[in-house]
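**Student:** Below are the sequence and a predicted model; questions follow.
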Amino acid sequence: MRRKQPTVRKKTSEIMSSKETKGHILPVLPLPEEVMFPAGTRAYHVTRKQRVAAVRHAIETNGEILLLTMKETVDNPKREHLYEIGTLGKVLQWVDPKDGTIKIFVSGTARAQVLDFFEDEAFPKALVRVISEKLENDPVVQALVNNLVSILEGYVGAAKQIPTEVAEGIKDFAAQNDPVQLTDMIARHLPLDFRVQQEVLEVVDPKARLEKLIEVLTAQVQIHGIENRSIKTCKEFFGNNQDFRLFF
């Protein structure tokens, strides 16, 4: 009778080595209260030891790194502290100040979903699935795009938190018929709470993401409209030349 061989559990590093050839395992850079979107660029000054190690590993390999937003800010986040959907990034430039930190310039390339997470290394790594996004620009989609751009114009007028030139650039981009990148372009310029931005990032269906962003922007227009009317009423009551503060 043939004896059953004992199961030998591979070390995480060995599992990584076997899978890294497929390009699915990436170093993780946790982001505190910030969401990175595909097609966006951002500069980061990375100071914590584990995160510096993750960035250096990315630079020494193919430059790819997974940007995951933290649900809550902690020094060394574990899987439960991070969202499952993030952005695949590419380190384009870096500067080493020789003080144990590193400065990088990163470009977002695609959405990515965490399938597995490895914490027993010098820095966190994740097995990821890169999310492919395609959307046919049919009449329904074009109507959603037109609606989104129209609401954005209302938001810019009401909130005055997006520079006019940025809003004009978004309108010009909308004319290029790329609704997938359009939603991410708008979302990353909106001064929203990071949790709301994460909700937008996690909508992986591009058409549903258009609808989600319309919902978010409509709510923001209403909020700022109410705030503007309240300020106008107070100024009329106290006098336009009177400075005032509200105390609660």
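**Tutor:** Looks like it arrived, so ask away.

**Student:** make it CA atoms for all contacts and neighbour counts henceforth
**Tutor:** OK.

**Student:** Quickly list the domain ranges of the chain.
**Tutor:** 15-131, 139-238 (automatic domain parsing).

**Student:** which residues in the chain form strands?
**Tutor:** 25-32, 41-46, 64-70, 85-95, 102-118, 125-131 (DSSP state E).

**Student:** Give me whichever of these is most buried.
**Tutor:** Greatest average neighbour count among those goes to strand 64-70 (a mean of 26), per mean count of other Cα atoms under 10 Å.

**Student:** Now tell me what touches that one from outside.
**Tutor:** Here strand 64-70 makes contact (Cα atoms under 8 Å, 6 or more residues apart in numbering) with 26-36, 54-55, 58, 77, 81-91, 112, 126, 198.

**Student:** One more: stretch 178-192?
**Tutor:** Contacts for stretch 178-192 (Cα under 8 Å, 6+ apart): 35-40, 133-135, 137, 141, 145, 161-162, 170, 173-174, 197, 200-201, 206, 209-210, 213.

**Student:** Can you select the buried ones from these in ChimeraX?
**Tutor:** Only the buried entries of these go into this ChimeraX selection, using 16 or more other Cα atoms under 10 Å:
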select :35,36,37,38,39,40,141,145,170,174,197,200,201,206,209,210,213
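
**Student:** Out of the contacts of stretch 178-192, list just those in helices.
**Tutor:** Val141, Val145, Ile170, Phe173, Ala174, Gln197, Val200, Leu201, Pro206, Arg209, Leu210, Leu213 (DSSP state H).

**Student:** thinking again about what came up before, want to throw the strands of the chain into JSON lines with mean pLDDT?
**Tutor:** As requested, the strands of the chain are arranged in JSON lines below (pLDDT from 0 to 100):
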{"stretch": "strand 25-32", "mean pLDDT": "96"}
{"stretch": "strand 41-46", "mean pLDDT": "95"}
{"stretch": "strand 64-70", "mean pLDDT": "97"}
{"stretch": "strand 85-95", "mean pLDDT": "97"}
{"stretch": "strand 102-118", "mean pLDDT": "96"}
{"stretch": "strand 125-131", "mean pLDDT": "95"}
